[in-house]
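Enquirer: Next input, structure requested:
(chains A and B)
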Protein chains: 2
Amino acid sequence: MTEPTTEPRPTLEVVAARAGVSRATVSRVVNGGAGVRAPLADKVRQAVEELGYVPNHAARTLVTRRNGAVGVIIAEPEFRIFSDPFFERQLRGISRELTALDSQLVLLWAESPGEYDRIASYLGGGHVDGALAFSLHDDDELPALITRARIPTVFGGRPPARQELAVPYVDCDNRGGAREAVRHLVSLGRRRIGHIAGPRDLMAAVDRVDGYRDVLIDADPALTSQGDFTEEGGARAMAELLDRCPDLDAVFAANDLMAAGALRTLRERGARVPDDVAVVGFDDVVSVAGATEPALTTVHQDIEGMGRLMVRLLMRLLDGTDGSVPESVITPTELVRRASA
Amino acid sequence: MTEPTTEPRPTLEVVAARAGVSRATVSRVVNGGAGVRAPLADKVRQAVEELGYVPNHAARTLVTRRNGAVGVIIAEPEFRIFSDPFFERQLRGISRELTALDSQLVLLWAESPGEYDRIASYLGGGHVDGALAFSLHDDDELPALITRARIPTVFGGRPPARQELAVPYVDCDNRGGAREAVRHLVSLGRRRIGHIAGPRDLMAAVDRVDGYRDVLIDADPALTSQGDFTEEGGARAMAELLDRCPDLDAVFAANDLMAAGALRTLRERGARVPDDVAVVGFDDVVSVAGATEPALTTVHQDIEGMGRLMVRLLMRLLDGTDGSVPESVITPTELVRRASA
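Expert: The predicted structure is shown next:
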């Protein structure tokens, strides 16, 4: 039987000191050596050999994080999605967390579903260690393609139930947040509470409708109007609601942009907010909710934090040795009361 | 001596028909097989062997385009650069051209220069066939890092002269366009023509100042004011010009956004455009120049076309067998006369 050694194992720091380079350089050489000049890499390898250094990460980490890069897949026809404050903040959270891990953010763009095969092919080609994917619509084939590429993936937003994929996701408590918004309107004594819904094929929007109906089980169907998560759509949906239900005294819009559009329509129609109609949004995107007149009461979610969580979940997936899939994370929401309700 | 064969060489189509797969699948297998399921790939390889198929691209193309992916490097602190209409349209041109070539657009993001090493490392890691880089500021170390990564690259915009890199670029005729703008103002009989300049460390802005000075060699230095390519910066620079030179009768702004800001300041100060002060912009970004009041006379450049050209230049670089660097391309500009001058 071999006696276990009592000598402490040499650390990355010791190797770096011996080779006269930074920790990052040693790490890079140990992980394949990309981007390190040959003479430097040779010095590091010599130090590794002399010291008998064994990386103290699990061997699996070295294999699974070999590229030091994570793909973020964006399947949208418009580059302007980046100017959507929700998306921009989630991407910022992802970028910050990846930077802290010295991992490269690689955005893979597809303007149309016809380009999904190419995305899957790139993902399967070993150029990124894992992937993050967004904006999953009900009939989207992207999740299935990503799964087939056998690359560790985390979704932003709960995928449609019928897709049944063993992929973890990060989402906020859409249904609970919506319930809280509507309960707040009820507590203010409002009796005719309308809802401006988001796109039918997005789970976040479906969940928020469900939360509204949890509280108002017998709500008049005429009190729900279809929007599309844009300010214009919210303004149109509000006009429809007012035409159908002139006695409406409150409205819960499924996101802040639509709530801002609703406020515009109410102002144009001469309705006072919150006196005549109280308004609640969802998201708490400060650049929108803090800038409306009156300031918007809304359901807060930690958008940047959710981006960070997606990265952490992906790293757990990459470092896991037993092939198990980490639990998805549902982050809490919180009603933020401002002037509009 | 071997008699040259008179049999026509088998084409990609013949291989695809024999294997019972699409042309794209054959192409993918021949280029490394990423994203093709093993049984399909085996069928293709068998057909290739039986038919004695030799890809009819140059062998070099197979090597240099092995990833079917092009990196677009964006070194900006803000994801909101995507909401800049200039950038969004150039990116759209790139995306369309890459899609036509079935090549994947891979956006590599760095929020700060501290992350450039990581970008260079990813580029050097063989994950993309070539790169396109933008927004090159005078003291930017990114071009040198890209060059060290030895990856074929094309720049968007002429890099600063002192960087002296053997890298082709695509740019418009900034200096000639500026000359045309100022000559137009001179031809209208304007005698006190001001200039709102863009950032001093961007070559496009420097070239436009030079174009202004080419026409107005003895221009009063008080007539030039410093802007930053934003609408706010244009509004501020216009206010400074009016304070310094109340007799100013025309202004050439180095981009449309600054011209829009200048128009706002002129309106606030009660100056009529073009009667009191004529205004000319640069770029002809329709969403800006077509929406101002009055509509903006400006220097048109084909922004989307320049994006496409960058991709074509990169493909020439990838396919070139003699190691020579293609010539950079300077696209022409054209003055578009609307109501503001």
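Enquirer: after the helix or strand bottoming out on mean pLDDT in chain A comes which helix or strand?
Expert: Lowest mean confidence among the helices and strands of chain A (mean pLDDT, DSSP states H and E): helix A:59-64, at a mean of 50. Next along the chain after helix A:59-64, taking DSSP states H and E as the criterion, comes strand A:69-75.
Enquirer: Give the other helices and strands that the helix or strand following that next one contacts.
Expert: Later in the chain than strand A:69-75, the nearest helix or strand by DSSP H and E is helix A:85-100. Contact here means 3 or more Cβ pairs under 8 Å, 6 or more residues apart in numbering or on different chains; DSSP states H and E; on that basis helix A:85-100 packs against strand A:69-75, strand A:104-110, helix A:303-319. From N, CA and C alone the C-beta is placed, and that goes for glycine too.
Enquirer: what does the last one contact?
Expert: If I follow you right, that is helix A:303-319. With contact meaning Cβ atoms under 8 Å, 6 or more residues apart in numbering or on different chains, helix A:303-319 is reached by A:58, A:60-61, A:64-65, A:70, A:86, A:89-98, A:101, A:129-132, A:152-154, A:156, A:168, A:170-172, A:283, A:285, A:325-326, A:328-329, A:331.
Enquirer: who wins for proximity to B:Gly194 among the helices and strands packed on helix A:85-100?
Expert: Nearest to B:Gly194 among the helices and strands packed on helix A:85-100 is strand A:104-110; the distance by Cβ to Cβ comes to 40.2 Å.
Enquirer: Export the closest one to CSV, keeping only CA atoms.
Expert: Taking C-alpha atoms only, strand A:104-110 is exported to CSV below (Å, rounded to 0.1, in the frame of the first residue of the first chain):
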residue,chain,number,x,y,z
GLN,A,104,-15.7,34.9,-23.5
LEU,A,105,-19.2,36.0,-24.4
VAL,A,106,-20.0,34.8,-27.9
LEU,A,107,-23.2,36.0,-29.4
LEU,A,108,-24.6,33.8,-32.1
TRP,A,109,-27.1,35.5,-34.3
ALA,A,110,-29.9,34.1,-36.4
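Enquirer: do that strand and chain B meet?
Expert: Yes - looking at strand A:104-110 against chain B by Cβ under 8 Å from any Cβ of the partner chain, the contacts come from A:104-109.
Enquirer: next SSE after that strand?
Expert: helix A:116-124.
Enquirer: Run through the neighbouring helices and strands of the helix or strand just after that next one.
Expert: Next in sequence after helix A:116-124, counting helices and strands by DSSP H and E, comes strand A:130-133. Judged by 3+ Cβ pairs under 8 Å, 6+ apart, the packing partners of strand A:130-133 are strand A:69-75, helix A:142-148, strand A:153-156, helix A:303-319.
Enquirer: Columns mean neighbour count and distance to A:Leu202 on top of the helices and strands packed on helix A:85-100, output as CSV?
Expert: Below are the helices and strands packed on helix A:85-100 laid out as CSV (neighbours: other Cβ atoms under 10 Å in any protein chain shown; distance: least, Cβ to Cβ, whole Å):
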stretch, mean neighbour count, distance to A:Leu202
strand A:69-75, 24, 13
strand A:104-110, 23, 18
helix A:303-319, 20, 16
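Enquirer: Of the ones you listed, which is nearest A:Arg190?
Expert: Closest to A:Arg190 of the helices and strands packed on helix A:85-100 is helix A:303-319 (Cβ to Cβ; 27.7 Å).
Enquirer: what is the rounded mean pLDDT of the closest one?
Expert: Throughout helix A:303-319, pLDDT has a mean value of 93.
Enquirer: That helix to strand A:104-110, inter-axis angle?
Expert: 100 degrees (axes from the mean of the first three to the mean of the last three Cα atoms, to 10 degrees).
Enquirer: Please export the C-alpha coordinates of helix A:303-319 as PDB.
Expert: Extracted C-alpha coordinates of helix A:303-319, given in PDB (Å, rounded to 0.1, in the frame of the first residue of the first chain):
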ATOM      1  CA  ILE A 303     -33.200  41.300 -14.400                       C
ATOM      2  CA  GLU A 304     -29.400  41.600 -14.300                       C
ATOM      3  CA  GLY A 305     -29.300  39.100 -11.400                       C
ATOM      4  CA  MET A 306     -31.200  36.600 -13.500                       C
ATOM      5  CA  GLY A 307     -28.500  37.000 -16.200                       C
ATOM      6  CA  ARG A 308     -25.800  36.300 -13.600                       C
ATOM      7  CA  LEU A 309     -27.800  33.300 -12.400                       C
ATOM      8  CA  MET A 310     -28.000  31.800 -15.900                       C
ATOM      9  CA  VAL A 311     -24.200  31.800 -16.100                       C
ATOM     10  CA  ARG A 312     -23.800  30.200 -12.600                       C
ATOM     11  CA  LEU A 313     -26.300  27.500 -13.400                       C
ATOM     12  CA  LEU A 314     -24.400  26.800 -16.700                       C
ATOM     13  CA  MET A 315     -21.100  26.500 -14.700                       C
ATOM     14  CA  ARG A 316     -22.700  24.000 -12.300                       C
ATOM     15  CA  LEU A 317     -23.900  22.100 -15.400                       C
ATOM     16  CA  LEU A 318     -20.300  22.100 -16.800                       C
ATOM     17  CA  ASP A 319     -18.700  21.100 -13.600                       C
END
